[in-house]
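Participant: Sharing a model prediction with you, sequence too.
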Amino acid sequence: MEKDNLLDMLKALDSQASSINVQNGESDFSRFYHMNVPFQLTLEYCNGDDKDDYVNIVTVSSTKAVLYQESLSLKNNPYTKNTPHFHDFFEIVIVLEGNIVQKIEGKEYLYTTGSCCLINRNLRHLEYYPSKCMILYIGLSPDFVTKLFASAQNSLFSGEKDICTSELYHFITDDIKNPGKRAYLDFIPAYQNRLPAKRLHSLAETMLQTFLYPEFGASYRICGLMCSFLSYLSSPRYYLCTNIRLDTNSDFLLFSRITRLFEESDGRMTRTELEQLLHYSGDYLNRIVNKFTDMCLYDYGMTFCMKKAAEYLTETKDSISTIAARLKFTNRTHFYTLFKKKYGVTPKEYRQMHS
């Protein structure tokens, strides 16, 4: 989302009361947020990490639009204004630019550009802004998201029903039936999704424009945009989704992210690529993998690569050289050595055994 476009939108806002009712507003432990509209967008933009900087906040819904500022020093200070909160609606946190630290039930998780998370109802959480960032928060009431999912089940097109098989769908519908689960959904861009932020910016800008300049059909358009966004998040082609239980620690989340990226790339992601995607040093990623597997990062990646090689050998008639090249091996001997180390036989022998 271009900053000039954002500023133009902000000029259209009216200073009205928020569509969120805050209970326990003076509490130092936690605050409760009740949303009295079906859905709401909150865009927060921070220009830097200096204590004198401000967080610019715009909140829009179908009935109200509010613009205000908050000191960054207060936003990032847990002993002043930044008290953990929980709410009676589902909240999707989308990092459009920069990095944030999401603190959920006392545990901290790093979220980088293009990544998202779905915060369950009644989970205590807060966000820190360690540097320049732009974050979009989407609040969805249980009734509203139920109607969206119902429209998919009764849709005209069979492809619309795909959402009903997703982790996102099951996570939300399970919580509506049995609230209180201590878990949330983590979304990181898939390996092939090279420009996740670009699509997110486009969806965010279109939703905000529709809220600020509604015309006939705007209600349908917002529902369609919400469906497009949920479909984008739930598609394995674009995002890797992990259900995170809060009885696990942040190291396990990072290990889960590494695992999902290796699964998707057949283990052929370099240390540098992982560093760029996950924003941690290669040495730290290596320590995390070793903690859970007793393997180094490279060897762990090779377990996925050799598994895929075995699948190609048994499920296709491709030559061994073709399979090695597909898995990015330029040295056929190296491929043979790794495969025999994993399975105890050569690729040719493995194919003969399983043919």
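Facilitator: It's in. Residues are numbered from 1 along each chain as shown.

Participant: When you work out contacts or count neighbours from here on, use the C-alpha atoms and nothing else.
Facilitator: Noted.

Participant: By mean pLDDT, flag the weakest helix or strand of the protein.
Facilitator: helix 3-11 (a mean of 45; mean pLDDT, DSSP states H and E).

Participant: The strand or helix carrying residue 221 packs against which elements?
Facilitator: For residue 221, the host element (DSSP states H and E) is helix 218-234. Here helix 218-234 touches helix 196-212, strand 239-245, going by 3 or more C-alpha pairs under 8 Å, 6 or more residues apart in numbering; DSSP states H and E.

Participant: and if we set it to 10 Å?
Facilitator: strand 39-46, helix 142-153, helix 167-177, strand 183-189, helix 196-212, strand 239-245 (3 or more C-alpha pairs under 10 Å, 6 or more residues apart in numbering; DSSP states H and E).

Participant: Now it: average pLDDT?
Facilitator: If you average the pLDDT over helix 218-234, you get 93.

Participant: And stretch 108-124, by the same measure?
Facilitator: What stretch 108-124 shows for mean pLDDT is 90.

Participant: pull the CA atoms of that stretch into PDB?
Facilitator: The C-alpha trace of stretch 108-124 is given here as PDB (Å, rounded to 0.1, in the frame of the first residue of the first chain):
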ATOM      1  CA  GLU A 108       6.900 -13.800  22.300                       C
ATOM      2  CA  TYR A 109       6.800 -14.600  18.600                       C
ATOM      3  CA  LEU A 110       8.400 -12.700  15.700                       C
ATOM      4  CA  TYR A 111       6.300 -11.800  12.700                       C
ATOM      5  CA  THR A 112       8.000 -10.400   9.500                       C
ATOM      6  CA  THR A 113       6.800  -8.800   6.300                       C
ATOM      7  CA  GLY A 114       4.100 -10.900   4.600                       C
ATOM      8  CA  SER A 115       3.400 -13.200   7.600                       C
ATOM      9  CA  CYS A 116       0.100 -13.300   9.500                       C
ATOM     10  CA  CYS A 117      -1.500 -14.900  12.500                       C
ATOM     11  CA  LEU A 118      -5.100 -15.600  13.500                       C
ATOM     12  CA  ILE A 119      -5.600 -14.800  17.200                       C
ATOM     13  CA  ASN A 120      -8.300 -16.900  18.800                       C
ATOM     14  CA  ARG A 121     -11.000 -15.500  21.000                       C
ATOM     15  CA  ASN A 122     -10.100 -14.900  24.600                       C
ATOM     16  CA  LEU A 123      -6.300 -15.200  24.200                       C
ATOM     17  CA  ARG A 124      -4.400 -12.500  26.100                       C
END
